[in-house]
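>>> Got a sequence here, can you model it:
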Amino acid sequence: MGKQIKIVMADDHPIVRQGLKQMIEADKDLLIVAEAGDGESALALIEQHLPDVVVLDVDMPKMDGFAVARELRRREIKAEIVFLTMHGEAEIFQAALDLGVKGYVLKDSAVTDVVASIKTVAGNQPFFSASLSSLLLNRRRRVEELEAENQGLNQLTPTERRILKLIADEKTSREIGERLYISHRTVETHRTNISRKLNLQGSLALVKFALANKSEL
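Residues are numbered from 1 along each chain as shown. Below you'll find the predicted structure:
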């Protein structure tokens, strides 16, 4: 047997945690090193154990799954994340993707998906419940339509595309600069170049465009 995949699991329902634990630990390649019933405890345990994969319920007391994921990214903790959730809405799914979450498993398919999701994201590959495939296809279609309507999007550099996404997240130039380790003046130069490529007049027009198309950026 190769190296076991270490897991921290967090869900505020003890019965759900117990059921998941039984399924996960039935696979000898997987090892749950800690479990938590709220987001704050989960974050502390993740920092303590530095697992390979974190399985997080999206809806938890104290800190929800999104808050924990954001904090892990801020602290540069490299664990891959699987969200376990009842939510199949496109907006929540997209928000998870924007955070770099590689696994998104709906609770009604957790019995069949949770083990596969952990192994897949541990291998640095995405895993989403099959019922979410229509959301992915619809998003791809919207992205293609947006790029067809505005050819300037294809001219953006990777940095400019990332800045546009951060603008859509309502970040200021100073906040974007801190995130990308560049000066806010450099961010302003990028914003000007993005506006020119997208044929937008003024910073307000750029913000409106970013917010209107956030889910496709």
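>>> Poorly predicted segments of the protein, please.
For the chain, applying pLDDT under 70 flags the ranges 1-2, 87-90, 133-149, 215.
>>> quick one, strands of it?
Counting by DSSP state E, one finds strands in the chain at the ranges 5-10, 30-36, 53-57, 80-85, 103-106, 127-128.
>>> Would you tell me which one of those is buried the most?
When neighbours are counted by mean count of other C-beta atoms under 10 Å, the highest per-stretch mean among the strands of the chain falls to strand 53-57, a mean of 28. Heads up, the C-betas are built off the backbone N, CA and C, glycines and all.
>>> for it, packing partners?
Of the remaining helices and strands, those touching strand 53-57 by 3 or more C-beta pairs under 8 Å, 6 or more residues apart in numbering; DSSP states H and E are strand 5-10, helix 14-25, helix 39-49, helix 65-74, strand 80-85, helix 110-122.
>>> helices and strands around the first one, which ones?
In terms of contacts (3+ C-beta pairs under 8 Å, 6+ apart), strand 5-10 is packed against helix 14-25, strand 30-36, helix 39-49, strand 53-57, helix 110-122.
>>> what do you get if the cut-off is 10 Å, keeping everything else the same?
Packed against strand 5-10 by the contact rule (3 or more C-beta pairs under 10 Å, 6 or more residues apart in numbering; DSSP states H and E) you find helix 14-25, strand 30-36, helix 39-49, strand 53-57, strand 80-85, helix 110-122.
>>> What of the last one?
Helix 110-122 is packed against strand 5-10, helix 14-25, strand 30-36, strand 53-57, strand 80-85, strand 103-106, strand 127-128, with contacts defined by 3+ C-beta pairs under 10 Å, 6+ apart.
>>> among the strands of the chain, which is nearest Asp64?
Comparison of the strands of the chain against Asp64 by C-beta to C-beta identifies strand 53-57 as nearest, at 8.2 Å.
>>> What angle do strand 5-10 and that closest one make with each other?
With axes from the mean of the first three to the mean of the last three C-alpha atoms, to 10 degrees applied, the angle from strand 53-57 to strand 5-10 works out at 20 degrees.
>>> now the helices and strands packed on helix 110-122 in TSV, with distance to Ala168?
Formatted as TSV, the entries for these read as follows, by distance: least, C-beta to C-beta, whole Å:
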stretch	distance to Ala168
strand 5-10	28
helix 14-25	34
strand 30-36	32
strand 53-57	24
strand 80-85	21
strand 103-106	20
strand 127-128	22
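>>> Nearest approach to Leu97 belongs to which of these?
Closest to Leu97 of the helices and strands packed on helix 110-122 is strand 103-106 (C-beta to C-beta; 7.9 Å).
>>> partners of that closest one, with directions?
Based on DSSP bridges, the strands next to strand 103-106 in the sheet, each with its direction, are strand 80-85 (parallel), strand 127-128 (parallel).
>>> re the thing from before, with distance to Asn150 as added columns, please give the helices and strands packed on strand 53-57 in TSV.
Formatted as TSV, the entries for these read as follows, by distance: least, C-beta to C-beta, whole Å:
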stretch	distance to Asn150
strand 5-10	40
helix 14-25	43
helix 39-49	38
helix 65-74	29
strand 80-85	31
helix 110-122	33
